[in-house]
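S.K.: Kindly generate the corresponding structure for this input.
(2 chains)
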Amino acid sequence: MNRRFGYGTVLSWARANASRWGLVVSFFLVCAFSADAARIGELEDTQFWEQAWRFVSLRDDVVRTALLGAVFLGISCGLLGSFIVVRKLSLFGDTLSHAVLPGVAIGYLVAGQKDPLAIFVGATVAGVLGTVMVNLIKKTTHIKEDSSLGMVLAGFYGVGIVLMNRIQKLPTGTQSGIDKFLFGQAAALSPTEVWMIAGVAIAAVLLVWGFYRQFLLGSFDVGFARALGLPAGVFHYVLMMLLAFTVVVSLQAVGAVLVSAMLVIPAASAYLLTDRMHRMLILASAFGVISGVLGAFFSFLGNSLPTGPLMVLAASTVFTLSFLFSPRHGLVSRWRKHRSREKRIQNENTLKAIYQVREASEFAGEGVKLSDLASRMRESEEETRARVEQLGAIGMCDLKEIEDEWFAFLNPDGWLRACAVVRNHRLWELYLTNQAEYEPDHVHDDAEVIEHVLGEETVRQLERLLDYPAEDPHGKLIPSLADLQRSLTREPREGRSSGYRMPNQ
Amino acid sequence: MDIWSHLIPEFSFEQVFVEPWTDLFDPFIWIFLMGLFVTAACGFLGTFIVWRRMALVGDAISHSVLPGLVIAFLLSQSRDTVPMFLGAVGAGVLTTGLIEVIHQKSRLKTDAALGIVFTTLFAIGVVLVSIYGDNVDLDTDCVLYGEIEHVTLEPLISVFGWFEAPGSVIRMGVVALLVISLVMLFYRPLVVSSFDPGLARSMGMNPALIHHALMSLLAIVVVSSFEAVGAVLVIAMLIFPGTTASLLSDRLPIILGLTLVIALIGAFLGMHVALWLDISTAGAISTVIFGMFLLAWALAPRRGLLWRAFR
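M.R.: Numbers count the residues shown, from 1 in each chain, chains lettered A, B, ... in the order given. The predicted model follows:
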């Protein structure tokens, strides 16, 4: 019972040491692991660069075939992957890719050799059977969808493994190359297989292009599609068939275990970058192509390391980048936006506090004593000072020392902003008490939040709604819009009703 | 046609069914026990996993365990249980963590996050195995369908002087016992929180805690089964016994009992089929339990397709 199957050959591929280290180094560079950088000295440059040059110069037929396969595969995976990602069917790809395995084995057995067409037919039949079985299990039993996906995945895969084991026990089995279907080997692609990949990719592109609206509606709003008289069911099945074809033709290059990753990951990266479906389709295809080519490249460098995992890693690198740096949905940009919002709110709160201190002294004098401000904000003078300096940095106020006391003087811009914030706050409080019938002592916290986000339109609307009020529910004056606008023209402001004076005028 | 005649080897009852229990009892009993323990532990726990719609989380964990194992081996340069286990559990925790992060910090849904995380980790694992394959002593066979048969190569370890068994069989036996006894011990909270988390909370239980405990237990079972059945076939062991049993009965205690029976039949038939066809035992076991599911699906009383067709 102590057996080792042909998979041992998976290991024996990786034996040529020099280029192996070359691969390790470049692989880790790409994945931003720098732990192995110390080993760069062991790298035998010549062979590594020679191999890289062989790839880039496209001298060999093998390279050209592999590259062409990777490009077309990237296109169809990205295109169809986009649909399964937006339709929340990501794991369906996983099931499909495992379920085709027995079909591959039976195709091989029927043809008696590794005949691409027979394998294609066998795998497609197995894929369709798997799909039908998932639906049947869901319909006829109480078993949930995720379990039925898992059952078809594991059950078919188990049968596939048994058949593959048997094939490798056949007299011709060890040279069958059928083991490459598990992790993929782009270099083992035959021209026929590349033509099949290209055919599926072109069919996918043409169908999606020609029936874009139908696919779109079928993906996002089946009910609406039906109401328009579109056969949504037909497009669903067309999509599923295309998906099955893509998985089947990708097997040789990516391998059954990881095809689903090529479907999901480029599409998910594109999903984070754009909100428009057509851009997502283009981006996902581009990412698919990039990952495919990089995977084929590294696999070639590494003396026939399995291609599938390397493609997946390239795709995941793209995903990580888009997850972090996507302009709108990226982690870093969102964190930045969050930081700048926090800063703005902090500044506005300081401005408001300055206004309130001035208001408490009935707007006498122009400057605000830092110590008064600190006690108003209930913090130490150093903290307050830091806040005021922050305001100074954006040109909203000046900090001056007069007779051993520090004073903050608002500039016109700062004063305007301060009035606007206070105005938002008080208008909202009034709105809540008058229109929403809150108790006057319950409105402050709510207004504290909303004052930073009210837009000009909303403020105008509030004002109209409240009939241009002068006082908030606590009897304090609301700086009026007219005052704000007038202050922009820098007119002298004497004898106005709202009772504040512009500083520095 | 030449191929087909080679495909199914000659069947000899003597060699397939008698010898393992007589002359060759010593190696084969360990294969049988290992298969039984793995299937029983997975199936017993899997019943709950399936109910809680976590079936594919098991899939994800079983794939991402691979890089954990390889990195643990490369760091510790040994195949001791402790570093291997730590690496694998670390990878499991990392998987669930990353899925959460991607799900919460971006607009991708859980299924896409799951599909991204486990395939990436698995790819890292496969690349590491391919590069360091010679010294890791973990090869792609093992990843794809496990190597239950390797237990026969292990030295026997004596357990308190009572009996001698290979280390991995003892380990898996302990895990299986642990799973079964923990599930029995916390049966009520487990059942209530699986079916009605709200009710569980009102009864003073902590569904979140139970969820995490179940996840940890799942990680432990998957990790210990990994070497025996590989990354993909674990799902078969996790899902099939529970779903098959639930086609046959409505009562949970009976379902749990049935999973053990299914595990027993699966391990027994699987071992013999594997011996007959000279194939991977794990593949054979999963095919047998898949077949048992198909039978139950077609013929189960009340739930089966046949019954429904003639009612």
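S.K.: what does the average pLDDT come to for the helix or strand hosting A:R334?
M.R.: Using DSSP states H and E, A:R334 maps to helix A:331-360. Mean per-residue pLDDT for helix A:331-360: 88.
S.K.: I'd like the next helix or strand past that helix.
M.R.: Following helix A:331-360 in sequence, per DSSP H and E, is strand A:368-369.
S.K.: Which positions within the very next helix or strand once past that following strand qualify as buried?
M.R.: Downstream of strand A:368-369, the next assigned helix or strand under DSSP H and E is helix A:370-376. By 16 or more other CB atoms under 10 Å in any protein chain shown, the buried positions in helix A:370-376 come out as A:L370, A:D372, A:L373, A:A374, A:R376. All C-beta spots, glycine's among them, are computed from the backbone N, C-alpha and C.
S.K.: Using PDB, list the CA coordinates for helix A:370-376.
M.R.: Output of helix A:370-376 as PDB, limited to C-alpha atoms (Å, rounded to 0.1, in the frame of the first residue of the first chain):
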ATOM      1  CA  LEU A 370      -6.800  81.200  25.100                       C
ATOM      2  CA  SER A 371      -7.400  80.400  28.700                       C
ATOM      3  CA  ASP A 372     -11.100  81.200  28.300                       C
ATOM      4  CA  LEU A 373     -11.300  79.000  25.200                       C
ATOM      5  CA  ALA A 374      -9.500  76.200  27.100                       C
ATOM      6  CA  SER A 375     -12.000  76.300  29.900                       C
ATOM      7  CA  ARG A 376     -14.900  76.500  27.500                       C
END
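S.K.: Give me the contact list for it.
M.R.: A:353-354, A:356-357, A:360, A:380-381, A:383-385, A:388, A:399, A:405-408 (CB atoms under 8 Å, 6 or more residues apart in numbering or on different chains).
S.K.: Closest to chain B out of the residues you listed?
M.R.: A:E383 (31.2 Å; CB to the nearest CB).
S.K.: Relative to A:E448, how far out is the closest one?
M.R.: 19 Å (CB to CB, to the nearest Å).
S.K.: Likewise for A:C419?
M.R.: 17 Å.
S.K.: From A:S219, how far out is the residue nearest to B:V221 when sequence neighbours are not counted?
M.R.: In this structure, B:V221 finds its nearest non-sequential neighbour in B:A41, 5.1 Å apart by CB to CB, 6 or more residues apart in numbering or on different chains. Note on B:A41: its distance to A:S219, by CB to CB, is 41 Å.
S.K.: Of those two, which one has the most company?
M.R.: B:A41 (28 against 21; other CB atoms under 10 Å in any protein chain shown).
S.K.: Now do the buried residues in the one helix or strand B:L98 maps to.
M.R.: Using DSSP H and E, B:L98 maps to helix B:81-105. By neighbour count with 16+ other CB under 10 Å, helix B:81-105 contains the buried residues B:83-85, B:87-93, B:95-96, B:98-99, B:102-103, B:105.
S.K.: Name the helix or strand of chain B that has the lowest mean pLDDT.
M.R.: helix B:2-7 (a mean of 67; mean pLDDT, DSSP states H and E).
S.K.: After the top helix by length along chain B, which helix or strand is next?
M.R.: Counting residues, the longest helix in chain B under DSSP state H turns out to be helix B:207-248. Once helix B:207-248 ends, the next helix or strand along the chain (criterion: DSSP H and E) is helix B:252-277.
S.K.: so that following helix versus helix B:207-248, what angle?
M.R.: Per axes from the mean of the first three to the mean of the last three CA atoms, to 10 degrees, the angle that helix B:252-277 makes with helix B:207-248 is 70 degrees.
S.K.: counting contacts, what elements does helix B:252-277 pack onto?
M.R.: Under the contact definition 3 or more CB pairs under 8 Å, 6 or more residues apart in numbering or on different chains; DSSP states H and E, helix B:252-277 sits against helix A:145-169, helix B:25-51, helix B:207-248, helix B:281-299.
S.K.: First-to-last residue distance for stretch A:362-375?
M.R.: End-to-end span of stretch A:362-375 (CA to CA, to the nearest Å): 17 Å.
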